[in-house]
Structure formats: C-alpha cells, structure tokens
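Enquirer: give me a model of this one.
(one chain, ligands or ions: 3)
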Amino acid sequence: MGVLKRLLRILFERAEALFELGFGPHHNPLAWLGALGWYFFWIVAGTGIYLYIFFDTGITDAYASVEYITVDQWYLAGVARSLHRYASDALVIVVVLHMAREFSLDRLRGKRFFAWVTGVPALFFVYVCGISGYWLVWDRLAQYIAIATTEFFDVLPFFGEPIANNFLDSTTLSGRFFTLMVFIHIFAPLFMLVLMWVHIQRHAGAKVNPPRPLAIGTAATLIVLSFVHPATSQGPADLDVVPAEVGFDWFYLVIYPLLDIVPGGQLWLLLIGAAAILLLLPWLPPAKQTAAAVVSLDNCNGCARCFDDCPFSAITMVPRSDGKGYATEALVNVDNCMRCGVCVGSCPTATPFRRATAIVPGIELPEQPIGALREKTLAAAKSFVKGRRILVYACEHCGSETLQDDGTVVVTMPCTGMLPPSFIDFALSRNLADGIAIAGCADSDCYFRLGGDWTDDRLNGRRDPYLRRRVDRERVRLWRTRSAATRARDRARDEFRAALQELPKNRKPGRGTDD
Ligand code: HEM
Ligand code: SF4
Ligand code: SF4
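Expert: Residues are numbered from 1 along each chain as shown. Ligands and ions are numbered 1, 2, ... in the order given. Reported below is the predicted structural model:
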C-alpha cells in the first residue's frame, strides 16, 4: 500500500508542478479538486433544473422533448444540456482524481477516516446520478443501458419476476421503470448533496469554492465545448431492434463493457469487494495513534485563537468551568483532533521565553510538549559544526530532514503550524542560530490543510500570534516545497547561507522581554 501511495504521490507532484507552470501556485486545479467537485455539482444542478422545465417525463414523449431541447432551443436549453453533460463528466474526473490525491497524501488514516468513508458513498451517488441521467434521454444508448442494467440486477436473488422483462420488446415496455429513473435522477443528487455536506463536517473552512479565475476559466471552457461539440442523442430507442453500436460515455459507463465479458455474479462480487476495500483503506494498515491535544485550564485565558485556527473543527469554546475570571475555555473533541499541533502554535501562552522549568501552555500535544521543543532548540544550538548556523523548524511530512548538514540543524514537528512565532524570536535573540528557516509542505499539499497558511500569515503579520517586529526578517525564511523537491530545498538552504554570510554576525545573546 505504501509503495502505491508513494508512486501516486510522485505522479501527482509531477503533474502539479506541470500545472503550476500554466496556473501558478494558487490556482492549480489539482489543489482544488474537492472544490471543483462542488462547483461542477452546482452547474449540473442549475442546468438540470432548467432542463426539467422542457423535459417530458413520460416514456413515449421523453425522446421528443430532449430533441426539442437540443434542436429547437439549441441556443439555451441545448447549451444547458451540453453543460449538464460535460459538467457531469468533469465531476467524475475531479472526484476520482480527488480520491486518488487524498490517498496519495495519506489524508485518510486514523482519525481522518471520516472524510474518506463518507466520500465513498458520495462517489457511488455520482454514478447513480450519471447513469440514471443517460437513461432519461430514451435513445439507443439509454435502451442499451436499460437492458444491460436490469439484466445485471436480475442476477441478484431479490426480484421474483426478472425486471429485464420490461424491456423484451415494445409491447412489454411500461412507463414504470422510466418513472422510477426520473425519481432516482431527481433524488440521488439531493442525497449526494447531503453526503457532500457531511463529508466536510470535520474540515474548518473547507474549500468548497474554487478561486474565481479557476471557476471562470472552467465555466468558459465548458461553454465553448458545449457550442463546439453539443451533446446529442443517438436516435430513439426501439425495443424491437437490438442497438448494433452505441456511442459511449467512458466516464460513467466504464463498467458496462465488463458486463459482456465477466459473468454478472462475479461482477457483483468484484464491485462489492472493491467497495469494501475502498471503505477499509483508512485502516490498511492502522495508523499509530498519538494522544489528542490537551487543554490546561491553569494557562488558558479563553482567547479562542486555537478555536479559530484548528483545521479540523476539533475545538469548541465553552463556558468557564474553573471559576477563573474569563468567560470561556477551550474544549478539545478527541474524536476530531488530528494531532496536528496547530492550536499550540496559535496559543499566546506557548512561549519559550518563560523561565519556568516546565513550560505548560494553554493547549498542547502531550507527546510533543512545547517544553521539549524548547529543549530541542537549545540542543540544536550546540550541534552546529561550522559556518553560518541555520536552524530549520520542519514539518514531518515535507521531507526536509535531508537539509541537515554541518551548518544546518533540523528540528521536526507534526506541522509548521505548531511553531509559535515566539520561538523564532527566542532562537535569534538568544543567538542560538544565525538564521531560522521554517520548512513545510507546498501551498497546496499541507498535510494538515491550513497549518502552512497560518504559519505564512503569522510570519507576515496577518494572523495572531504575530512574529514580533523586532525580529530581523532577513534572518527568517519560509520554505513551502513538495516533498520530492529535494534539490529545490537544498538550493534554498545554500542561498540562505550565502545571504547570511553577507549579514553582520548575529548579535550577542540578548534577553527576551518576557523573561
Ligand atoms: C461528491 C464528491 C466529493 C466532493 C464534492 C468532495 C469535496 C471535498 C472537499 C471540499 C474537501 C475539503 C478540502 C479541504 O478544504 O481541505 C474534501 C476532503 C476530502 N475528501 Fe472529498 N469530496 C468528494 C468525494 C470524495 C471521495 C469519493 C473521497 C474518497 C473516497 C474523498 C475523500 C476525501 C478526503 C480523504 C478528504 C480530506 C480529509 C482530510 O484532509 O482529512 N472525497 N472533499
Ligand atoms: S489559544 Fe490557548 S489561551 Fe487561547 S483559548 Fe486556546 S488554549 Fe486557551
Ligand atoms: S491538534 Fe490540531 S486537530 Fe487537534 S485540536 Fe489542535 S489544531 Fe485541532
């Protein structure tokens, strides 16, 4: 499993680097796949509502009404039909890629299982919507789908009378199944919407809207495609004639050719097995669980910064329980906590300047206490061998350990978002290093979603807790690179060392004002 993940990761990193050339780092479509899924869903829903105005839900008139949409009103309803189809195809593409990318980033194991196991049924509903949609046109492709699908379902021992009998010839055809399909095609998207909503419930500020340029560019591409290559039907269904050849939509109907090769029973086992494996993936193998973040009421002043910054909605602010003079206190929901430490980086009490032997902030990860980070920082200062001293605070997921050399010491943590900016001030003002670099995942790849962005904002004065103004910015770097970009990181380190060489030596040990 690990090999597959790594292989996929390399492929995605290459593709992302390529896309970045055209779209830049902030509008890379591969970084917005989930949001594009939402976007395409809304396009499909909007165009679907418009098409429904003209669609005749009776089996005898359905085809004619779709022809009216396509031919007579080609300029509006026809374009809506094409958009409906192409946005549905795009939805399948982005959702499958989104699933593969989240898998490659390993953002599914341990407590993160929730988005994955709610995503699998959402994917199922994407297919239910698409297949039932093709059925409604009631052309030759719909006829093929109707017969193949009902024969496939007849393999199951649930139906007394074979349901494929409905489509034996034109005399056996009843509107019953057709009405069922119309019903499914309307209600499946509603179920899907509920699932999509549940899917992101553990994501604070989930990215459900792609950036405007990407949204406009994508919609424009779909509109152009709709004019250049409008969606059409494949001639009316006729149950007295077996459709010889039908044009295929490989995005939705990909399993249909298998029906001709694999016996129905075996195909059911294959599909059920594949779904079961997909659902079990978060536990293959089980993730090592560390302890969730813990609040220390003695040090929590109820400022709610951890609540604002937690990427997984794992913190709530509740009425004070210890009688102290603050209105609220932070409360961690252990089931939602992903052990990222981002809350520690946001807590104003997490400062290394305090003299107390045991530094206990308002919130911290019991297995990676902030006191230990201070000790590692002090130890790092003693382990430089030569040259300008670069202390790198790196996240565990971006592969930055390889930066270590005679003049560089790497201290790792779950996410760069765990680093309170006061540590940078501490290390420089105590002359523990000549320069500080914070190395994390690329903009689009942050393993803990928002940690990298919050770090960027804190260093650049956009988010509390800020990096203090007295810190010499020339001695601080933020590197956000893809894990495979070893050479880019090495180059950044060498450039930083050269830049530090140009600066006067770091000043003598000073005293932090909080001391
Ligand atoms: C209807 C289809 C889907 C839509 C619209 C959708 C949308 C989203 C969105 C908006 C996010 C949040 C991204 C962020 O802000 O970080 C997300 C996260 C995620 N999705 Fe989906 N998704 C869909 C289907 C799936 C499927 C089929 C899977 C896999 C089986 C999946 C797995 C995940 C995972 C693992 C995460 C991230 C979890 C984490 O960061 O802890 N999604 N999805
Ligand atoms: S950031 Fe720290 S002090 Fe503020 S509410 Fe959270 S735990 Fe309490
Ligand atoms: S460790 Fe991460 S997920 Fe857990 S409470 Fe803190 S910020 Fe939220």
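
Enquirer: how near is Gly247 to ligand 2?
Expert: Gly247 sits 58 Å away from ligand 2, taking CB to the nearest ligand atom, to the nearest Å as the criterion. (Each C-beta comes from the backbone N, C-alpha and C, glycine too.)

Enquirer: now swap in Phe178 and tell me
Expert: Phe178 is 57 Å from ligand 2, by CB to the nearest ligand atom.

Enquirer: which parts of the strand or helix carrying that residue are buried?
Expert: Using DSSP states H and E, Phe178 sits within helix 175-199. Using 16 or more other CB atoms under 10 Å as the test for burial, helix 175-199 gives 177-178, 181-182, 184-185, 188-189, 191-193, 195-196, 199.

Enquirer: now stretch 75-91
Expert: 77-91.

Enquirer: how about the residues of the chain by ligand 1?
Expert: Taking CB under 6 Å from any ligand atom as the contact definition, the chain meets ligand 1 at 34-35, 37-38, 95, 98-99, 102, 107-108, 112, 115-116, 119-120, 122-123, 126, 196, 199-200, 203, 206-208, 449.

Enquirer: on that earlier part again, nearest to ligand 2 among the buried residues of helix 175-199?
Expert: His199 (27.1 Å; CB to the nearest ligand atom).

Enquirer: in what helix or strand does the closest residue to the closest one other than its chain neighbours lie?
Expert: Using CB to CB, 6 or more residues apart in numbering and skipping residues adjacent in sequence, the residue nearest His199 is Thr118, 4.4 Å away. Under the criterion of DSSP H and E, Thr118 resides in helix 113-136.

Enquirer: just want the angle from that helix to helix 175-199.
Expert: Per axes from the mean of the first three to the mean of the last three CA atoms, to 10 degrees, the angle that helix 113-136 makes with helix 175-199 is 160 degrees.

Enquirer: centre of the chain to helix 113-136, how far?
Expert: Remark: helix 113-136 is offset 17 Å from the chain centroid, using CA atoms, centre = their mean, to the nearest Å.

Enquirer: neighbouring contacts of stretch 351-369?
Expert: With CB atoms under 8 Å, 6 or more residues apart in numbering as the test, stretch 351-369 has contacts from 290-291, 293-296, 298-301, 306, 315, 330, 332, 339, 341, 343-344, 347-350, 370-371, 373-374, 377, 413-414, 418, 420, 422-423, 425-426, 512-515.

Enquirer: what's the span of that stretch, first residue to last?
Expert: With CA to CA, to the nearest Å applied, stretch 351-369 spans 12 Å between its terminal residues.

Enquirer: which bits of this protein sit near ligand 2?
Expert: 295, 300-306, 330, 346-347, 349, 362-363.

Enquirer: nearest spatial neighbour of whichever residue of the stretch 401-515 of the chain sits closest to ligand 3, skipping sequence neighbours?
Expert: Going by CB to the nearest ligand atom, ligand 3 is nearest to Phe448 of the stretch 401-515 of the chain, at 6.7 Å. Nearest residue to Phe448, sequence neighbours excluded (CB to CB, 6+ apart): Cys340, at 3.8 Å.

Enquirer: secondary structure class for that neighbour?
Expert: Three-state call for Cys340 (DSSP: H, G, I helix; E, B strand; the rest coil): coil.

Enquirer: ok, it - contacts?
Expert: 311-312, 414-415, 417-418, 448, 451.

Enquirer: quick check: Leu18 vs Cys446, distance?
Expert: According to CB to CB, to the nearest Å, Leu18 stands 20 Å off from Cys446.

Enquirer: and the two? Which one has more around it.
Expert: Comparing Leu18 with Cys446 by neighbour count (other CB atoms under 10 Å), the higher total belongs to Cys446, at 28 against 12.

Enquirer: what sits against that one?
Expert: 415, 440, 452-453.

Enquirer: equivalent analysis for Leu108, please.
Expert: Applying CB under 8 Å, 6+ apart to Leu108 gives the contacts 102, 115-116, 281-282.

Enquirer: which residues of the stretch 251-400 of the chain fall in helices?
Expert: Counting by DSSP state H, counting those that start in this stretch, the stretch 251-400 of the chain has helices at residues 256-261, 264-280, 305-309, 342-346, 370-382.

Enquirer: tell me, how many residues neighbour the closest residue to ligand 2 within the stretch 1-150 of the chain?
Expert: Nearest residue of the stretch 1-150 of the chain to ligand 2, counting by CB to the nearest ligand atom: Lys111, 19.8 Å away. Using other CB under 10 Å, Lys111 has 18 other residues around it.
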